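Peer 1: Okay, predicted coordinates and the sequence, questions at the end:
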Amino acid sequence: QVQLVESGGGLVQPGGSLRLSCAASGFTLRAYAMSWYRQAPGKERELVAVISIGGGITNYADSVQGRFTISRDDAKNMVYLQMNSLKVEDSAVYYCKGRLTPNEYWGQGTQVTVSS
């Protein structure tokens, strides 16, 4: 059974940090490009960060560039999103996604709330 399970969300003050984790099972993580998306209330889901197979290439949304870092540990079947200097506008449900065309897997999401 394919599963992606996100964790690490929560409430944090502006300027704070969180590290999101995505645990993968039921498929060969190292064969998949992995990404993080987020969706705020009333807004469309947006791409936050992508990491290539092997981890050699990463890309970020302009809004998080320089503040967020995506990484992967294929030996542990884990993907991470380190989020620093968080802003109120980063509040959203964050989702992990694995893609190996035509397969695409999504997690259930973890809530991140940035508020004072």
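Peer 2: Ah, there it is.

Peer 1: in the protein, which residue is closest to the centre?
Peer 2: Among the residues of the chain, the one closest to the centroid is residue 36, at 3.0 Å (Cα atoms, centre = their mean).

Peer 1: elements contacting the helix or strand bottoming out on mean pLDDT in the chain?
Peer 2: Every helix and strand of the chain was ranked by mean pLDDT, DSSP states H and E. The lowest is strand 103-106, at a mean of 93. When contacts are defined as 3 or more Cβ pairs under 8 Å, 6 or more residues apart in numbering; DSSP states H and E, strand 103-106 sits against strand 92-100. All C-beta spots, glycine's among them, are computed from the backbone N, C-alpha and C.

Peer 1: For the strand it packs on, give the mean pLDDT please.
Peer 2: When pLDDT is averaged over strand 92-100, the result is 96.

Peer 1: if we can go back for a sec, wait, is the residue nearest to the centre of the chain part of a helix?
Peer 2: No: under DSSP: H, G, I helix; E, B strand; the rest coil, residue 36 falls outside any helix and is assigned strand.

Peer 1: got the contact list for it?
Peer 2: Taking Cβ atoms under 8 Å, 6 or more residues apart in numbering as the definition of contact, the neighbours of residue 36 are 20, 22, 47, 48, 49, 70, 79, 81, 94, 95, 96, 97.

Peer 1: Report the secondary structure element holding the second one.
Peer 2: Spelled out, it's residue 22. strand 18-25 (DSSP states H and E).

Peer 1: list the contacts for residue 85?
Peer 2: Applying Cβ under 8 Å, 6+ apart as the definition, the contact partners of residue 85 turn out to be 15, 17, 67.

Peer 1: do the same with residue 29
Peer 2: Shown here is residue 29, whose contacts under the criterion Cβ under 8 Å, 6+ apart are 72, 74, 77, 79, 98.

Peer 1: related to what we said a few turns ago, who does the strand holding residue 22 pair up with?
Peer 2: The strands that strand 18-25 pairs with in its sheet are strand 3-7 (antiparallel), strand 78-83 (antiparallel) (by DSSP bridges).

Peer 1: The longest one relative to strand 92-100, how many degrees between them?
Peer 2: The directions of strand 78-83 and strand 92-100 differ by 140 degrees, with axes from the mean of the first three to the mean of the last three Cα atoms, to 10 degrees as the criterion.
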